[in-house]
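Visitor: sequence first, then the predicted structure:
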Amino acid sequence: MNAKYQKFIFFIIFGGLLLPDFVFAQTTTITPQQRCDNFKAQFKGIYNLLPNYYCTANGALLQGINLGLIFAGTITILSIILGGFWILTSAGNEEQSEKGRKTLLNSVIGLVVIMLATAIVRIVAGVLTQ
């Protein structure tokens with residue numbers, strides 16, 4: 001064999017091993033739903049039960065914020081009930097009645113703040129996801 005052909009065969013055999021992977025890559029586009037399904041397939045059993053908003057970081061963050069707001073709203077409603085209970089059972093005790101009024105007032109203010117925060121989060125999430 002000629003030296004010229006030996007160099008050519010050497011390049012074909014060993015040069016192909018050194019080529020980067022992107023040379024052999026196929027150009028396919030993956031939809032976000034396929035990317036989410038691939039992500040969920042890595043965690044069989046766990047993520048199959050969860051909705052698709054856990055597939056993106058901003059979706060998981062928004063879900064965490066929503067869960068926090070639901071928890072805060074639940075605590076606020078319970079404190080409104082507690083403040084009303086203290087007012088009703090004060091039986092002339094001004095100290096307990098005042099404690100119930102303060103609790104009720106602060107709980108209502110907290111509920112308004114939570115409702116405004118929920119509205120702001122939903123507006124910002126709607127703008128960011130478009």
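Guide: Received the coordinates, thanks.
Visitor: tell me where the model's unsure across the chain.
Guide: In the predicted model of the chain, residues 1-28, 43-54, 130 satisfy pLDDT under 70.
Visitor: and the helices in it, which stretches?
Guide: Counting by DSSP state H, the segments of the chain that form helices are 3-10, 16-18, 32-42, 57-88, 94-129.
Visitor: would you reformat these as CSV and include mean neighbour count?
Guide: C-beta here means a position set from N, CA and C on the backbone, and glycine is covered the same way. Shown next, in CSV, are the helices of the chain (neighbours: other C-beta atoms under 10 Å):
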stretch, mean neighbour count
helix 3-10, 10
helix 16-18, 8
helix 32-42, 13
helix 57-88, 14
helix 94-129, 13
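Visitor: which residues touch Val124?
Guide: Under the criterion of C-beta atoms under 8 Å, 6 or more residues apart in numbering, Val124 has no contact partners.
Visitor: again, only this time at 10 Å
Guide: Contact analysis of Val124 by C-beta atoms under 10 Å, 6 or more residues apart in numbering lists Leu62, Ile65.
Visitor: same question for Ile75.
Guide: Shown in contact with Ile75 (C-beta under 10 Å, 6+ apart): Ser107, Gly110, Ile114.
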